[in-house]
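In: Just to be clear, the model below is a prediction. Sequence and coordinates:
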Amino acid sequence: MTTQGTDAKPQNELLNTLLDNFKIWTKKLSHPGLWITIVGVFILGYLPIADQSPEAAFANATARESTFTILMSIVLVSSLNILLGYTGYVSFGHIVFYGLGGYVGLYTIIEHQWPLWKAMAAGGAAAGVLALVLGSAILRLRGAYFALATIGINEAMRAFVSNYDPFGGAVGLSIHFRVYRETYGSYQDAFLVMYKAMLGLAIAAVVLSYLVKSSKFGLGLMAIREDEDASDIMGVIPYRSKIIAYMLSAILPGMVGVVFFFKASTIEPAAAFKLHTSIEWLVMIMLGGFGTIMGPVLGAYGYQNLRTILLTSEFFKNIQLAVAGLMLLGIILFIPAGLIGWLRRHISFTRRVLT
Amino acid sequence: MRTFVKLLSLAIIAAFVLGAVATFPAKTHAQSERTITIGFTASQTGKYNVESTRQINGINLWIEQINGAGGITLSNGTVLKFETKFYDDESSTDRVQELYTRLVTQDGADFLISPYSSGLTDASALIAEQYGVVMLTAGAASDSTYQKGFTLVYQTYTPASRYLTGAVDLLAATDPDASRIAIVHENDKFSTDVANALNSYAEDLGYEIVLFEGYDSGTTDFAPFINKIEAADPDAILGGGHFQDGSTFARQLYEKDAGANMIALLVAPPEPTFAELGDAALGVVGPSQWEPLAQIDASKAEELGIEFYGPSSQEFTAAYMEMYDEEPSYHAAGGYMAGLLIQKAIEDADSTDTDDVAEALDNLDILTFFGRNSFDTSDDNHGLQVGHSMMYVQWQADGDELVKQIVFPFEAASAETVYPIGSE
């Protein structure tokens, strides 16, 4: 009897903590901002593939392509935001994970005939492991030193892959056209699979950044961002937290790399490790508002749409880079907190909805 | 200030909304229109812009000439006129598929011309195949593009595997005692393909490859490579990559007096602007797809027993110089040639239907101002250029001026090879 009595109490406590946690998480997960973002991304991604008839597929082909680019940016930028926005660590060379993921994925597809999902898992895992190894080494650096180290890593990886024969060296890897036909029926069908995969990744990226932000771990990251030494004293272990944040921000880009280069059917070092693209990700985060969930999504959407307009308009296409540059300068000068940050500051109602 | 910030944010929101609207396609091209749209992307910005600009010039000249001549009249009386539609691909794979999809599904492109580089072409060729549109490639020289199972992609240029092999033949013919070759090439897909083919070709001929090195695409300081070249003491330095790095490499080889008897570099030497290097350009050999000095006309076609089509070399050069006030390079001629091949194939097929035009291209074997043109039709190499071959140019001194002479093959040569370099 007595043994039963003493056992019952901790069981209740455990139940209570679980229940409390459950309540906290249901409350967290019912935040309107999260659902607005998920539904928004889903609608954005679903519209161009809603009608599968051949005529509609043809008419929506360009929309599918541009939306694919936007979804891709949402994943990449939301992932980078975990490190940049929450932790305050600027990674200029984040594209290294995308490039490495792409290479590992294409390698497994070509050499081992792996299906896309398996190759994506491999690409994501490779990026995660790289982040763990690199992070252990360079996350002891702070501020500008860390940012510079990330550039160096990207360049080193590019040089390595350019001379690594299993990855095709400078020539890169290339997928034969029949792979799409034999596995998926046609390139169209293969693209639809890739598109849905990218849509899934985009939603996963939004959920992941929300989960991190609303967790205790995320709070620790933000403490590191505000004052790393103070956070250390308060019980956060900065080094470990930063490595986990770095890994979390690397895995999805690794998977995106696989999907993108599978779509392009070819990968070369110069295309996989293009530093310039990395900088564009930073711009998208700044545009939307860093450290927020919606910011990177809006930033990616706005930036990529703007680029499409500039690239394809008769008037702007010759000076599109200059126009994009000027607009970005204006944004950084006048709304440095990004779109979400600006709205939250100036319109009080939005504080409850936007996150 | 406050109002300004508000206005600015309004403008940005407006841009987002506009973007959303622009994402959804306009009506597709009307079927009754008999204007044939040639779609392509070009590298107006980014590292290939010199080569790419020339290529667009060539395409535009062809458009102007064909429309000026009243277009193509099919046997059913339909008159075809031509127009181009193009976007900037920024020399990057990021958006090239999106832009080609736009060209086909929104702008109604009937035929496509490839982007400049092999990597971009691989990606865009998928779109051409997906929508069943014939694509002529100009500048995508890597053989691998044609080994990927495409059926609608046709190559205008001599492939990478035969780009520099003639330079070895030239060396063998000019200096039988030469035995040592250094290969220093840009570490990208095209140049590496060229260098690998060159390496095995030279080894088969009994040459010793004393140095085989790749340099990074953005390289501006070649001192480490030049030091290695000096240590290896080659008779000939072969390699290079594209225009910017090739020019820099040539200049630094001259400044450091690297000391080989022959220098042959990819892509850069045939461009007229290479002469701006002055003395550093002197004696440098380069493979060229085509040269203004080349005498290719109907009489040559008679010898070969094939049809001659289009303008003669002189006529093309004169027309190009009148329009752009500069001498055409092979990139310009290549752009024009891609258009000319489309024109010839439509005429042969008497149709603009993809299958008919593709069949006409499969059966094509003609001589044009650009040289001979025919395509591999096997499953493994479909669309690979098999008719055309390279010429080799050398910059030589003519009084105070630098002139570009054809030195190989000997039957097309306009001057003797200056060998060793600087002996003039």
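Out: Received it, and whenever you're ready, just let me know what you need.
In: Find the nearest non-adjacent residue to B:D221, please.
Out: B:Q252 (7.8 Å; Cβ to Cβ, 6 or more residues apart in numbering or on different chains). Yep, even glycine has a C-beta here, placed from its N, CA and C like the rest.
In: that's a helix at the one you found, yeah?
Out: Yes: assigned with DSSP: H, G, I helix; E, B strand; the rest coil, B:Q252 falls within a helix.
In: That one reaches B:P224, doesn't it?
Out: No: if you go by Cβ atoms under 8 Å, B:Q252 and B:P224 don't touch, sitting 10.8 Å apart.
In: Tell me which of those two has more neighbours.
Out: Set B:Q252 next to B:P224 and count neighbours by other Cβ atoms under 10 Å in any protein chain shown: B:Q252 wins out with 18 against 11.
In: which residues touch residue 119?
Out: Using chain A here. Shown in contact with A:A119 (Cβ atoms under 8 Å, 6 or more residues apart in numbering or on different chains): A:V104, A:G105, A:L106, A:T108, A:I109, A:V258, A:F262.
In: um, chain B though
Out: A:G172, A:T266, A:E268, A:A270, A:A271, B:T93, B:K189.
In: How confident is the prediction for it, by pLDDT?
Out: As predicted, B:G119 sits at a pLDDT of 86.
In: Not counting its neighbours along the chain, what's nearest it?
Out: Per Cβ to Cβ, 6+ apart, closest to B:G119 is A:E268, 5.0 Å.
In: Okay, that neighbour and B:D122: tell me how far apart.
Out: Applying Cβ to Cβ, to the nearest Å, the value for A:E268 to B:D122 is 9 Å.
In: and if you look at A:E182?
Out: Distance from A:E182 to B:D122, by Cβ to Cβ: 18 Å.
In: Equivalent analysis for A:R344, please.
Out: Where B:D122 is concerned, A:R344 sits at a distance of 45 Å (Cβ to Cβ).
In: what do you get for B:A195?
Out: 19 Å.
In: B:I209 should be in a strand, yeah?
Out: Yes: counting by three-state DSSP, B:I209 is part of a strand.
In: Confirm for me that it is in contact with B:Y201.
Out: No: counting by Cβ under 8 Å, B:I209 stays clear of B:Y201, with 10.6 Å between them.
In: now, which of the contacts of A:A119 sits nearest chain B?
Out: A:F262 (10.9 Å; Cβ to the nearest Cβ).
In: part of a helix, is that closest one?
Out: Yes: judged by three-state DSSP, A:F262 forms part of a helix.
In: That one - how many residues pack around it?
Out: 26.
In: give the contact list for it.
Out: With the criterion set at Cβ under 8 Å, 6+ apart, A:F262 makes contact with A:G105, A:L106, A:I109, A:L116, A:A119, A:I175, A:M194.
In: Scan the residues you listed and report the most crowded one.
Out: Busiest of the contacts of A:F262 [other Cβ under 10 Å] is A:G105, holding 32 neighbours.
In: Could you say which helix or strand holds that one?
Out: helix A:95-112 (DSSP states H and E).
In: That helix close to chain B?
Out: No: Helix A:95-112 lies apart from chain B when judged by Cβ under 8 Å from any Cβ of the partner chain; the minimum separation is 10.7 Å.
In: Flag every buried residue along that helix.
Out: Residues of helix A:95-112 classed as buried by neighbour count (16 or more other Cβ atoms under 10 Å in any protein chain shown): A:95-110.
In: Name the nearest residue to residue 42, sequence neighbours excluded.
Out: Answering for chain A, as no chain was given. Per Cβ to Cβ, 6+ apart, closest to A:F42 is A:I203, 6.5 Å.
In: should've been chain B
Out: The spatially closest residue to B:A42, leaving aside those adjacent along the chain, is B:S52, at 4.6 Å (Cβ to Cβ, 6+ apart).
In: Does the helix or strand harbouring the one you found pack against any helices or strands, and if so which?
Out: Following DSSP H and E, one finds B:S52 within helix B:49-68. Applying 3 or more Cβ pairs under 8 Å, 6 or more residues apart in numbering or on different chains; DSSP states H and E, one finds that helix B:49-68 contacts strand B:35-42, strand B:79-88, helix B:243-255, helix B:313-324, helix B:330-349.
In: Tell me if the next helix or strand after the last one is near chain A.
Out: Following the chain from helix B:330-349 toward its C-terminal end, the next helix or strand by DSSP H and E is helix B:354-362. No: contact between helix B:354-362 and chain A is absent, the nearest approach being 14.8 Å (criterion: Cβ under 8 Å from any Cβ).
In: Go through helix B:354-362 and flag the buried ones.
Out: Applying 16+ other Cβ under 10 Å to helix B:354-362 flags B:T354, B:D356, B:V357, B:A358, B:E359, B:A360, B:L361, B:D362 as buried.
In: Relative to B:V393, which of those is nearest.
Out: B:L361 (28.8 Å; Cβ to Cβ).
In: Quick one: residues contacting the closest one.
Out: B:V134, B:Y154, B:L341, B:A345, B:F375.
In: mind listing what the second one touches?
Out: Just to be clear, that refers to B:Y154. B:V134, B:M135, B:L136, B:T137, B:L341, B:L361, B:F375, B:G383, B:Q385.
In: what ranges do the strands span in the stretch 151-300 of chain B?
Out: Listed in chain order, the strands of the stretch 151-300 of chain B (DSSP state E, counting those that start in this stretch) span residues B:153-155, B:180-186, B:208-215, B:236-240, B:262-265, B:285-288.
In: from what I can see, B:V393 looks like it's in a strand, true?
Out: Yes: when three-state DSSP is applied, B:V393 is found to be in a strand.
In: burial measure for it, as a count.
Out: Neighbours around B:V393, by other Cβ under 10 Å: 27.
In: The closest residue to B:G46 other than its chain neighbours in helix, strand or coil?
Out: Residue nearest to B:G46 in three dimensions, not counting chain neighbours: B:S91, with 2.8 Å by Cβ to Cβ, 6+ apart. At B:S91 the chain is in coil, as set by three-state DSSP.
In: Which of the helices or strands spans A:M286?
Out: Per DSSP H and E: A:M286 is located in helix A:275-288.
In: so B:K344 touches B:L367, yeah?
Out: No: counting by Cβ under 8 Å, B:K344 stays clear of B:L367, with 11.4 Å between them.
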